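**Q** Provide a 3D model corresponding to the input given below.
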Amino acid sequence: MLHTEHMYAPRSNIVQQYGNHGRNTSHIRIEMVQRLAARYLQFDYHYTSSATNMLRELKWSTLEQRINQASLTMLHKIHNR
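**A** This is a model prediction of the structure:
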């Protein structure tokens, strides 16, 4: 069964539970959608299953890695114009 209690939780509860760690609320919500998508593709909604391991199995980058890659790519393009 799909656990959706976090999908409808107020933003303040999401940030409090997962911590902010320098990320804004939008980043946290995007990561939650990515984790839910990984669970959907793996068809594993059990609460003891690790979404992080599923992301690794799918070889998906984290949002932070994608942001860093995009920043480095932009810097490279600017520098080597």
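**Q** gap between the residue nearest the centre of the chain and A38?
**A** Note on the chain: the residue nearest the mean C-alpha position is E31, at 1.9 Å, using C-alpha atoms, centre = their mean. Using C-beta to C-beta, to the nearest Å, E31 is found at 10 Å from A38. In this view, the C-beta of every residue, glycine as well, is placed from N, C-alpha and C.
**Q** give me the low-pLDDT residue ranges for this protein?
**A** 1-23 (pLDDT under 70).
**Q** Can you list phi and psi of T48 for me?
**A** Backbone torsions of T48, given as degrees, to the nearest 10, read phi -90, psi -10.
**Q** which parts of stretch 25-34 are buried?
**A** Neighbour counts over stretch 25-34 (16 or more other C-beta atoms under 10 Å) mark 27-28, 31-32, 34 as buried.
**Q** on contacts alone, who are the packing partners of the helix or strand hosting the residue nearest to the centre of the chain?
**A** For E31, the enclosing helix or strand under DSSP states H and E is helix 25-42. Helix 25-42 sits against helix 11-18, helix 51-58, helix 63-79, with contacts defined as 3 or more C-beta pairs under 8 Å, 6 or more residues apart in numbering; DSSP states H and E.
**Q** Return the set of buried residues in the last one.
**A** Taking 16+ other C-beta under 10 Å as the basis for neighbour counts, the residues of helix 63-79 that come out buried are L63.
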